[in-house]
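*Asks:* this is a predicted model, with the sequence first.
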Amino acid sequence: IAKRRRLDATPTLVTPEAEETEREARPKARSRADWNRSAGFFSRQCRTILSTPGVTPRPLTDISGGSSFRIAFIVSIVMWPVYIAGIQILTAEIARGNRPSLVAMLNEAVRFWPRVAALCIFVYGVFFLLMVFGLAIAAMALAGGSSVLLVLVAMGLLILQVWMFGRFFVNVLFWQQFAVLEKAGFIDSLRESRDLARSGRDLPWFQRPLWRGAFIASIWFAVVLAITLGAQWGTLQQYFNQLLTTQDPQALLQQMTEAQQASGFNISAFALGIVEKILQPLVGIAFVVLYLDNKLEVPSHVEPVLRA
């Protein structure tokens, strides 16, 4: 027995081939990170994170819905110049008695994307800055309600802001038509739009391009305002009642936030939003028709604005 024990204790020579075979036969060691990547642990980890104290759990559908909304918003901004150019081309071709192909119209509209996009950034950017200027003036007037001098300065700045807004609005009434239909450049589109808006001084005021364009824009602004107020009328009434009954501004803001979060799907607002999107192309069509009418039917005693 002692001899057998000595034989068993004798070290056994292991060849490299046998050692490799034994290593492959053994189960591979898995680190904690490997176990964490398993499906069951991943699902448990997600539930743990979403149910962490202090963190509001959100369903995955809400997260994906937010991403889809952001993607749709970005796509709509990118495609907006194509939409503007397409409205101009389609209306002009129909006015000439042609039946344009949808594919051909889209291909033609895409060619104008850089020019129309640059003009959109400039025009809408200037309008945004003018609106911010107006809000800053209003904040100045509210902050200095007890100072007569500050109120007078705010009123003077407000008059300046209204004048600048109106003047710029007149100058860019027809920039879309000149940029697409006349294929004018960036500066030429703005210059020709200004000249057309200020032409026809010998005509009756209601036949001038300026007043006709302002009338179309005013109708559209009134429609948008009515749709917006109609969709949010109940919410606005609730905010007004809270404003009258709550004295603490912080509590008022908290109540408005809670009311906005508690409001569910508003079917009337959704329906009115669809109506607004359906009516929106009519504004572009109306301006194209107005542009073509002033281009093709300029009286002989009026100096033409469009150059050949």
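*Replies:* Received, thanks. Numbers count the residues shown, from 1 in each chain.
*Asks:* alpha carbons only for contacts and neighbour counts from here, please
*Replies:* Will do.
*Asks:* which SSE is the closest residue in space to residue 127 that isn't next to it in sequence in?
*Replies:* Among residues not flanking residue 127 along the chain, residue 165 sits closest, at 7.3 Å (C-alpha to C-alpha, 6 or more residues apart in numbering). When elements are defined using DSSP states H and E, residue 165 is found to belong to helix 148-171.
*Asks:* buried residues in that helix?
*Replies:* Buried residues in helix 148-171, defined by neighbour count with 16 or more other C-alpha atoms under 10 Å: 150-151, 154-155, 157-158, 161, 165, 168-171.
*Asks:* contacts for that helix?
*Replies:* By C-alpha atoms under 8 Å, 6 or more residues apart in numbering, the list of residues contacting helix 148-171 from outside reads 127, 130, 133-134, 137-138, 140-141, 144-145, 190-191, 193-195, 197, 210.
*Asks:* how does it look with 10 Å?
*Replies:* Applying C-alpha atoms under 10 Å, 6 or more residues apart in numbering, the set of residues contacting helix 148-171 from outside is 123, 126-127, 129-131, 133-145, 190-198, 209-211, 213-214.
*Asks:* which ones among these map onto strands?
*Replies:* Using DSSP state E, no member of the contacts of helix 148-171 falls within strands.
*Asks:* now the strands for the stretch 151-300 of the chain?
*Replies:* The residue ranges that make up strands in the stretch 151-300 of the chain, judged by DSSP state E, counting those that start in this stretch, are empty, as it has none.
*Asks:* helices of that one, start to end?
*Replies:* With DSSP state H, counting those that start in this stretch as the definition, the stretch 151-300 of the chain shows helices at residue ranges 175-180, 186-197, 209-231, 233-245, 249-262, 267-296.
*Asks:* from the contact counts, what lies against the shortest one?
*Replies:* For helix 175-180, the helices and strands in contact under the criterion 3 or more C-alpha pairs under 10 Å, 6 or more residues apart in numbering; DSSP states H and E are helix 60-95, helix 102-111, helix 113-143, helix 186-197, helix 267-296.
*Asks:* nearest to residue 203, of those helices?
*Replies:* Residue 203 lies closest, by C-alpha to C-alpha, to one member of the helices and strands packed on helix 175-180: helix 267-296, at 11.7 Å.
*Asks:* average model confidence for that closest one?
*Replies:* In this model, helix 267-296 has a mean pLDDT of 83.
*Asks:* list the buried residues of that helix.
*Replies:* Within helix 267-296, the residues that qualify as buried are 269, 272-273, 276, 284-285, 287-292, 294, counting by 16+ other C-alpha under 10 Å.
*Asks:* low-confidence regions, the protein specifically.
*Replies:* Low-confidence segments of the chain (pLDDT under 70): 1-66, 144-145, 231, 234-236, 239-244, 246-266, 296-308.
*Asks:* let's see 50
*Replies:* Under the criterion pLDDT under 50, the flagged ranges of the chain are 1-14, 18, 24-30, 32, 34-57, 60-63, 298-308.
*Asks:* sorry, back to before: what's the closest of the helices of the stretch 151-300 of the chain to residue 110?
*Replies:* Distance to residue 110, taken as C-alpha to C-alpha, is lowest for helix 175-180 among these, at 10.9 Å.
*Asks:* output the closest one as PDB, nothing but the C-alphas.
*Replies:* The C-alpha trace of helix 175-180 is given here as PDB (Å, rounded to 0.1, in the frame of the first residue of the first chain):
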ATOM      1  CA  TRP A 175     -39.200  86.300 -51.900                       C
ATOM      2  CA  GLN A 176     -40.400  82.800 -52.500                       C
ATOM      3  CA  GLN A 177     -41.800  83.500 -56.000                       C
ATOM      4  CA  PHE A 178     -38.600  85.300 -57.200                       C
ATOM      5  CA  ALA A 179     -36.300  82.700 -55.700                       C
ATOM      6  CA  VAL A 180     -38.100  79.800 -57.400                       C
END
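*Asks:* ok, and what's touching it?
*Replies:* Residues from elsewhere that reach helix 175-180, judged by C-alpha under 10 Å, 6+ apart: 81, 84-89, 92, 108-109, 111-113, 115-116, 119-120, 123, 182-194, 196, 284, 287-292, 306.
*Asks:* for residue 140, grab the count of nearby residues.
*Replies:* Counted with other C-alpha atoms under 10 Å, the burial measure for residue 140 works out to 16 neighbours.
*Asks:* now distance to residue 203 too, for the helices of the stretch 151-300 of the chain, in CSV please.
*Replies:* Listed next are the helices of the stretch 151-300 of the chain as CSV, based on distance: least, C-alpha to C-alpha, whole Å:
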stretch, distance to residue 203
helix 175-180, 22
helix 186-197, 13
helix 209-231, 10
helix 233-245, 42
helix 249-262, 51
helix 267-296, 12
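*Asks:* let me know which of the helices and strands packed on helix 175-180 is tucked in deepest.
*Replies:* Of all those, helix 186-197 carries the top mean neighbour count, a mean of 20, counting by mean count of other C-alpha atoms under 10 Å.
*Asks:* output it as CSV, nothing but the C-alphas.
*Replies:* Presented in CSV, the C-alpha positions along helix 186-197 are these (Å, rounded to 0.1, in the frame of the first residue of the first chain):
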residue,chain,number,x,y,z
PHE,A,186,-30.2,85.4,-52.6
ILE,A,187,-29.9,89.2,-52.8
ASP,A,188,-31.8,89.5,-56.0
SER,A,189,-34.8,87.7,-54.6
LEU,A,190,-35.1,90.1,-51.7
ARG,A,191,-34.5,93.2,-53.9
GLU,A,192,-37.1,92.1,-56.5
SER,A,193,-39.6,91.2,-53.7
ARG,A,194,-39.2,94.7,-52.2
ASP,A,195,-39.7,96.4,-55.7
LEU,A,196,-42.8,94.4,-56.5
ALA,A,197,-44.4,95.1,-53.1
